[in-house]
Structures are given as C-alpha cells and as structure tokens.
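Could you look at this predicted model? Sequence included:
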Amino acid sequence: SPSHVLSVLSALVFCFCVFLLLRRTSRKVSERVIFIMMLFNLIQHLFKWLIYPHHIAEGFTIVSTAYNMCAFLIIFSPIAMLVKKQFIRDAFFLFGSVAGIIAIIVPYWHIGSSPFTWEYLRYMICHVLLFTNSMLPLLLGIHKPSYKSIPFLGLMFIGAVGCIILNDTIFYAVGLFGEGMTLSEALRLSNPVWSFGPPESFSFIVDTVKAIFSDFMVISGKAGLPIPLIWYAVPMYVLITLIATLLLTFLDRKNLKRD
C-alpha cells in the first residue's frame with residue numbers, strides 16, 4: 001500500500017538526513033546525538049503505556065520489556081555505545097540495522113491496519129530510531145566493524161534470544177503475561193524470534209521445518225513442536241556466521257589483508 005511504501009522510505013530518508021547533519025560534526029557531537037536518540041527510544045519503549053494514549057489503560061505489560069529482538073536491542077543499545085568490546089558493538093549495530101529495517105519492511109503486527117493510529121506511529125518511531133541509531137555509527141565511522149567478531153555474532157544472537165525467553169518467562173511467573181495459559185502455551189504464543197518454531201501463517205516454512213525435524217528435536221508427546229531455541233541454534237549460527245563472513249571481510253578488508 002502507499003502507506004507501507006511511505007513508511008519504508010521515511011526510515012531511509014530520516015537516517016540519511018541525520019547522517020547529512022552529523023557527517024561534518026566532531027566525533028564527540030555525533031556520539032552524543034546518537035546516544036540521546038537511543039535514550040529517547042529507550043524511554044518511549046519502556047513507558048509507552050504512559051506516553052501513548054493507546055496504552056493508557058493497559059498498565060505495565062510484557063510489551064514494555066525485552067519481549068522480542070527489536071525491544072531487546074532498543075533496551076541495550078545505549079550500553080553498546082558505552083562498552084569497548086568490539087564483538088558486542090558489532091553485534092548490536094549490525095543486528096539493530098537489520099532488525100529495524102526488516103520490522104518496517106514487514107510490519108507483521110500491523111499488516112492491513114491504518115497508519116493513522118497512535119500504535120502505528122509508536123511502532124514506526126521506535127523501529128525507525130532503532131535502524132537509524134544502529135546505522136549511523138557505521139556510516140559516520142564512529143564504529144568500525146572487525147572481521148575478528150565473525151565467530152561471536154551467531155553466539156550473540158542465540159544468547160539474545162535466550163535472554164528474551166527468560167524475560168518472557170519471568171513476566172509469566174509474576175502474572176503479567178499469559179493469563180490462563182501454561183508457560184509453554186504463553187511462550188509459544190509470543191514465539192520470540194521464531195525460537196519456538198515458525199508461525200503457522202508461514203505454512204511453506206512450517207512444512208519444511210516439520211519435514212526436517214519430524215524425528216528429532218521434538219518435545220516428547222508434542223509431535224511437531226520443536227525444542228525451543230535448541231531446534232534452530234546450529235543452523236542460525238551457521239547462517240549468521242556465513243553472512244557475517246561475507247559482510248565483515250568486505251567492511252574490514254584492509255585489516256584482513258594486513259593480518
């Protein structure tokens with residue numbers, strides 16, 4: 001739809017405009033501006049039930065925590081700007097860029113909904129900022145990716161998904177998520193980053209997964225339900241490592257050649 005195309009273009013245009021504004025400023029100024037945008041995104045995510053009228057009556061729910069990958073990245077992105085560990089920064093900036101733009105290109109929860117609502121506006125703001133805040137350190141040269149991070153990126157992804165599942169489990173335990181459901185049902189409903197298997201709406205992927213994992217990686221007595229996270233840990237690690245190898249050997253080709 002036109003609104004969907006406009007949403008994607010707005011993310012790219014916003015990122016490009018901020019890049020133009022910051023490219024001639026000092027590194028310190030650029031870092032401060034990006035950090036402030038990260039803090040703003042963090043605040044509007046954690047307190048969206050107060051800031052946005054759509055959420056006023058909802059109280060504190062799981063949606064204000066690290067319940068999926070984008071939320072996890074938004075919450076921990078300011079830390080990525082402060083830490084000096086190369087592989088942590090590589091993971092957050094690369095994952096944030098990809099997750100932010102994918103969420104805008106495929107707005108799963110908002111397909112078919114009107115863009116003229118508070119919830120759609122909030123969704124766009126948080127993901128445009130996630131994409132922009134992750135891309136700018138790379139575009140401005142504030143952070144230079146290293147090919148030495150390649151073996152760690154897949155592990156960082158798996159660890160992040162594990163933290164998301166733990167987050168959802170804790171909020172289920174304290175009664176703020178999955179009322180009337182078992183823990184397994186609640187987690188499979190939220191299905192963070194497809195760690196509990198692809199949704200049934202993606203039937204072609206579901207059929208492939210069931211064919212591959214029909215005799216193993218399945219919970220006893222729950223045929224067709226793969227073991228959470230474990231079922232795709234190895235293939236996701238391999239896939240992320242392959243993509244990271246292609247990307248980081250190009251971005252860090254000078255150091256790779258030198259070494």
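On my side now, so go ahead.

List the contacts of the lowest-mean-pLDDT helix or strand in the chain.
Ranking every helix and strand in the chain by mean pLDDT, DSSP states H and E puts helix 203-212 at the bottom, with a mean of 73. For helix 203-212, contacts defined as CB atoms under 8 Å, 6 or more residues apart in numbering pick out G197, P198, P199, E200, G224, P226, W231. (Each C-beta comes from the backbone N, C-alpha and C, glycine too.)

What's the first helix or strand after that helix?
helix 230-251 (DSSP states H and E).

Other residues contacting the helix or strand following that next one?
Downstream of helix 230-251, the next assigned helix or strand under DSSP H and E is helix 253-258. Counting contacts by CB under 8 Å, 6+ apart, the residues outside helix 253-258 that touch it are S146, Y147, T249.

Let's see helix 253-258 as CSV, backbone CA atoms only.
What follows is helix 253-258 as a C-alpha-only set of coordinates in CSV (Å, rounded to 0.1, in the frame of the first residue of the first chain):
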residue,chain,number,x,y,z
ARG,A,253,39.2,-5.9,4.2
LYS,A,254,42.1,-3.6,5.0
ASN,A,255,42.8,-5.2,8.4
LEU,A,256,42.2,-8.7,7.0
LYS,A,257,44.7,-8.1,4.2
ARG,A,258,47.2,-6.6,6.6
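
Distance from that helix to the middle of the chain?
Relative to the mean C-alpha coordinate of its chain, helix 253-258 is positioned 29 Å out (CA atoms, centre = their mean, to the nearest Å).

sorry, back to before: which one of the contacts of helix 253-258 sits in the busiest neighbourhood?
Of all the contacts of helix 253-258, the highest neighbour tally under other CB atoms under 10 Å goes to Y147, namely 18 neighbours.

residues contacting that one?
Under the criterion of CB under 8 Å, 6+ apart, the contact list for Y147 reads T245, L248, T249, L251, D252, N255, L256.

And stretch 98-105, what's buried?
By neighbour count, and taking 16 or more other CB atoms under 10 Å as the criterion, the buried residues in stretch 98-105 are A99, G100, I101, A103, I104.

Out of these, the closest to S10 would be?
Closest to S10 out of those is I104 (8.4 Å), distances taken as CB to CB.

correct me, but the closest one touches L130?
No. Taking CB atoms under 8 Å as the contact criterion, I104 and L130 are not neighbours in contact, 9.3 Å apart.

tilt between the least confident helix or strand of the chain and helix 230-251?
Using axes from the mean of the first three to the mean of the last three CA atoms, to 10 degrees, one finds that helix 203-212 and helix 230-251 are set 110 degrees apart in direction.

how far does helix 203-212 sit from the chain's center?
Relative to the centre of its chain, helix 203-212 is centred 24 Å away, using CA atoms, centre = their mean.

Of the contacts of Y147, which pair is most distant in space?
Considering CB to CB, no two members of these lie farther apart than T245 and N255, which are separated by 14.4 Å.

V29 contacts R23, doesn't it?
No. Because the distance of 11.0 Å does not satisfy CB under 8 Å, V29 is recorded as not touching R23.

quick revisit: of the contacts of Y147, keep whichever come out buried.
With burial judged by 16+ other CB under 10 Å, the buried subset of the contacts of Y147 is L248, L251, D252.

Relative to M236, which of those residues is nearest.
For M236, the nearest member of the buried ones among the contacts of Y147 is L248. The distance, counting by CB to CB, is 17.2 Å.

residues contacting that closest one?
For L248, the contacting residues are D90, P145, S146, Y147, S149, I150, by CB under 8 Å, 6+ apart.

Can you check the pLDDT for the third one?
The reference is to S146. Here, the pLDDT recorded for S146 equals 96.

so how far is the longest helix along the chain off the chain centroid?
Of all the segments assigned as helix in the chain under DSSP state H, the longest by residue count is helix 150-173. Taking the mean of its C-alpha atoms, helix 150-173 sits 11 Å from the chain's own mean (CA atoms, centre = their mean).
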